[in-house]
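Student: would you be able to build a 3D model of this:
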Amino acid sequence: SLFKQSMIIQMYNNPALYDACTAHKIDDIPFYENWVNDNGTILELACGTGRIAKHLIESGFNYTGLDLSSVFIDHCRTNFPNGKFTTGDMCDFNLGQKFDLIFIPFNSFLHLYKEEEMTQCLKSIQNHLSDNGKFLLDIFVPDPEFLYRDPDKKYEEMTIIHPNGGECTVWQKNQYKEETEINHIHWFFNRGNSEPMDEYDFDMRMIYPDTMDRVLSDSDFTIEEKWGDYDGEPFNETSLLQLYICSKRS
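Tutor: Residues are numbered from 1 along each chain as shown. Below is the predicted model:
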């Protein structure tokens, strides 16, 4: 046929494309480095392709990363041989050791769609956190303007350098379901030629600050600090991010 079919792609078995889509994200690295204690152990949940791992491992920290994607974990093992990497589900894992710092970066927690899953994840974290350890969580504040925009319209999300060469514009459509608080997101990769656009679908649970506070508290965490940005600005009603610094409730 003369017409090439557009492809629905899987981001989580495509490290090169995932890296291209997250390459812009560097502003959170100092935040994690700030909370590492020099000879402490670190566990990153949803470590992806090792965007943060790279920095922590190069700084000589004792790092373990866990991710659901075995493709990503293989990628990390190859690229960062000084770290430990394991395939697993952040809702239910057992690594048989305690960590001094556990964190879930860059909205990965929003892939847990139900409160039971969130609670299950936080329980697994409790089981792995040392008594004086810290748990860090980074999620954005849901933005009504984004959630309630026209579901039939494509909006420009970002421009990336495509792994197959050249610039690529990523367009986004979304449809928010209030009753589940889940935002259904659809990406279109436009490489600027007449080729059909690859497409990628994913869901994110929108978690409002009062819900996140409650779920952490119900899971026996003490919220020691809550920041609105990576520089330590206290969280307020204008904040774009919810950054939690938690410890075990004694």
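Student: for this protein, which segments count as helices?
Tutor: For the chain, the helices defined by DSSP state H cover 15-22, 29-35, 53-58, 70-79, 115-128, 144-147, 209-218.
Student: my guess is residue 54 contacts residue 76. True?
Tutor: No - here residue 54 lies out of contact with residue 76, judged by Cβ atoms under 8 Å, at a distance of 9.0 Å. Yep, even glycine has a C-beta here, placed from its N, CA and C like the rest.
Student: residue contacts, the nearest residue to residue 95 once chain neighbours are set aside?
Tutor: Leaving out its chain neighbours, the residue that sits closest to residue 95 by Cβ to Cβ, 6 or more residues apart in numbering is residue 128, at 6.3 Å. Residues counted as contacts of residue 128 (Cβ atoms under 8 Å, 6 or more residues apart in numbering) are 43, 93, 95, 97-99, 102.
Student: hmm, back to that, make JSON lines out of the helices of the chain and add distance to residue 192 and mean pLDDT.
Tutor: Listed next are the helices of the chain as JSON lines, based on distance: least, Cβ to Cβ, whole Å; pLDDT from 0 to 100:
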{"stretch": "helix 15-22", "distance to residue 192": "15", "mean pLDDT": "97"}
{"stretch": "helix 29-35", "distance to residue 192": "31", "mean pLDDT": "96"}
{"stretch": "helix 53-58", "distance to residue 192": "30", "mean pLDDT": "98"}
{"stretch": "helix 70-79", "distance to residue 192": "27", "mean pLDDT": "98"}
{"stretch": "helix 115-128", "distance to residue 192": "39", "mean pLDDT": "98"}
{"stretch": "helix 144-147", "distance to residue 192": "25", "mean pLDDT": "96"}
{"stretch": "helix 209-218", "distance to residue 192": "39", "mean pLDDT": "98"}
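Student: which of these sits closest to residue 136?
Tutor: Judged by Cβ to Cβ, the one of these that comes nearest to residue 136 is helix 29-35, at 6.0 Å.
Student: so which elements touch that closest one?
Tutor: Helix 29-35 sits against helix 53-58, strand 99-104, strand 129-140, with contacts defined as 3 or more Cβ pairs under 8 Å, 6 or more residues apart in numbering; DSSP states H and E.
Student: how close does residue 39 sit to residue 59?
Tutor: Using Cβ to Cβ, to the nearest Å, we find residue 39 at a distance of 12 Å from residue 59.
Student: phi and psi next, for residue 59.
Tutor: phi -80, psi 0 (degrees, to the nearest 10).
Student: distance check, it against residue 201.
Tutor: Noted for residue 59: a distance of 36 Å to residue 201, by Cβ to Cβ.
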